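In: Got a predicted structure plus its sequence, pasted below:
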Amino acid sequence: MNSAAPTRLIVVLGPTASGKSALGIELAKRLDGEILVCDSTQVYRHFDIGTAKVPPREQHGIAHHLVDLVEPDEVFTAGDYRRHALLALDDLRRRAKLPILTAGTGLYLRALLEGLADAPTRSEELRERLRHIVRKRGATHLHEILARLDPESAARIAPRDTPKIIRAIEMRILAGKPVAEIFRAGRGEAGGEVREKAEVRKNALQGYAITKIGLAPPRPALYARIDGRVEGMLAAGWLDEVRALVSSEVREGVRHNDRGIPADAKPFQFIGYSHLRAHLEGRISLADAVAKIQQSTRRFAKRQLTWFRREPDVHWLESFGDAAETTAAALALIGARSSS
């Protein structure tokens with residue numbers, strides 16, 4: 001094989017519950033591949049059922065990478081994901097394994113394939129000032145500050161997602177312009193004009209022939225599967241998992257659980273974990289929690305599809321990833337791409 005020839009990279013993208021993992025595993029079994037998970041929730045340890053990590057017994061012997069990378073109280077960014085992913089890709093290339101990326105987080109996928117915008121570096125001094133505001137006035141007050149500084153960012157960040165709010169304010173203050181403008185500049189957009197396609201970002205992923213396969217099953221069927229999957233997660237012990245995660249004691253003035261997870265750790269804000277925690281704390285009934293989880297997940301799936309529809313060069317399949325016809329269509333696309 002010519003060492004200069006590009007390495008194949010298969011990307012399976014789509015909304016939650018569309019069957020990305022099932023298709024990725026089936027392709028890996030047939031093509032001697034391994035899975036690179038592209039999901040911003042699955043990088044955290046201990047939060048398993050509600051983030052839809054594939055249990056070892058369902059992986060069919062296929063190695064899964066980029067899961068369980070950090071503890072729940074650690075900061076993890078798209079840049080961190082890119083660094084881990086590049087190391088994993090290098091490892092698979094050395095072992096002549098086909099990398100199959102199952103992508104549910106669009107920002108992480110963009111970070112890997114296109115590189116990152118030249119965003120300002122972190123300022124611990126500014127971050128500590130913002131954390132002090134949160135401790136004194138609450139996260140929603142900080143979100144109101146962001147809404148004044150950068151309304152577009154505030155509209156897409158949840159009022160209680162403190163880490164993202166802090167980062168958005170930090171970028172807005174240090175760069176002197178809204179976050180969206182920073183990323184538009186990073187993608188080569190200036191004055192509304194996009195640079196020619198031939199001009200590639202210096203830090204975009206190089207040396208790979210990429211085939212992107214998108215899953216977009218009919219919306220009613222997707223929503224029905226989402227509702228059923230939530231019920232399946234609960235049957236698999238999701239509530240017990242959350243109960244164990246929030247079981248806490250106070251040490252040094254900070255509430256932790258027996259794993260040392262702070263009560264305000266980011267994964268507790270994920271869809272489902274926040275709702276089930278509210279139920280365990282007696283704030284909502286279990287039935288209300290389940291209904292809210294299903295509704296929030298359906299809305300999340302819609303946002304994922306909106307993001308991925310902007311992704312270039314995607315071959316869209318209007319079916320679930322675990323359908324036999326989807327596997328056949330994906331294999332045909334891969335074959336067509338590799339022989340072109």
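Out: That came through, no problem. Numbers count the residues shown, from 1 in each chain.
In: Can you show me the helices along the chain?
Out: 20-31, 78-94, 106-114, 124-137, 139-149, 151-156, 162-175, 179-186, 219-235, 238-246, 273-280, 286-308, 324-339 (DSSP state H).
In: For Val11, which of the ones you listed is the nearest?
Out: Nearest to Val11, of all the helices of the chain, is helix 106-114, at 7.1 Å by C-beta to C-beta. The way it works is simple: take the backbone N, C-alpha and C, and place the C-beta from them, glycine included.
In: Now do the closest one and helix 286-308, the angle between them.
Out: 30 degrees (axes from the mean of the first three to the mean of the last three C-alpha atoms, to 10 degrees).
In: And helix 106-114, what does it pack against?
Out: strand 7-13, strand 33-38, helix 78-94, strand 98-103, helix 286-308 (3 or more C-beta pairs under 8 Å, 6 or more residues apart in numbering; DSSP states H and E).
In: which residues are in contact with that helix?
Out: For helix 106-114, the external contacting residues (C-beta atoms under 8 Å, 6 or more residues apart in numbering) are 11, 13, 38-40, 78-79, 81-82, 85-86, 101, 103, 187, 201, 204-205, 210, 304, 307-308, 311.
In: How is this structure partitioned into domains?
Out: Residue ranges for the domains of the chain, per automatic domain parsing: 7-117+206-218+308-339, 124-186, 222-298.
In: Just name the most buried of those.
Out: When those are scored by mean count of other C-beta atoms under 10 Å, the highest mean neighbour count falls to domain 7-117+206-218+308-339 (a mean of 18).
In: May I see the domains of the chain arranged in CSV, with mean pLDDT as well?
Out: Shown next, in CSV, are those (pLDDT from 0 to 100):
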stretch, mean pLDDT
domain 7-117+206-218+308-339, 95
domain 124-186, 86
domain 222-298, 87
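In: ok, back up a step: relative to Gly335, which of the helices and strands packed on helix 106-114 is closest?
Out: Across the helices and strands packed on helix 106-114, closest to Gly335 is strand 7-13 (C-beta to C-beta), at 10.8 Å.
In: How far does the closest one sit from its chain's centre?
Out: How far strand 7-13 lies from its chain's middle: 17 Å, per C-alpha atoms, centre = their mean, to the nearest Å.
In: could you list every residue that touches the closest residue to Ile133 other than its chain neighbours?
Out: In this structure, Ile133 finds its nearest non-sequential neighbour in Leu142, 5.4 Å apart by C-beta to C-beta, 6 or more residues apart in numbering. Contact analysis of Leu142 by C-beta under 8 Å, 6+ apart lists 130, 133-134, 162, 165-166, 169.
In: ok, now Lys302?
Out: So Lys302 contacts Pro15 (C-beta under 8 Å, 6+ apart).
In: And Leu317, by the same measure?
Out: 213-216, 326, 329-330.
In: Look up which residues are beta-bridged to it.
Out: On the basis of DSSP bridges, Leu317 is bridged to Leu215.
In: Figure out which of the helices and strands packed on helix 106-114 is closest to Lys177.
Out: Going by C-beta to C-beta, the one of the helices and strands packed on helix 106-114 nearest Lys177 is helix 78-94, 18.9 Å.
In: how much space between Ile157 and Gln269?
Out: Separation of Ile157 from Gln269 (C-beta to C-beta, to the nearest Å): 11 Å.
In: Does Arg225 touch Phe320 like I think?
Out: Yes: using C-beta atoms under 8 Å, Arg225 is in contact with Phe320, at 7.3 Å.
In: got a list of what the closest residue to Ala180 other than its chain neighbours touches?
Out: Spatial nearest neighbour of Ala180, chain neighbours left out: Glu152 (5.2 Å); criterion: C-beta to C-beta, 6+ apart. For Glu152, the contacting residues are 178-180, by C-beta under 8 Å, 6+ apart.
In: Give me the distance between Glu152 and Glu181.
Out: Glu152 is 9 Å from Glu181, where distance means C-beta to C-beta.
In: picking up where we left off before, take the helices and strands packed on helix 106-114 and write them to TSV, including distance to Val242.
Out: Below are the helices and strands packed on helix 106-114 laid out as TSV (distance: least, C-beta to C-beta, whole Å):
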stretch	distance to Val242
strand 7-13	28
strand 33-38	22
helix 78-94	25
strand 98-103	24
helix 286-308	10
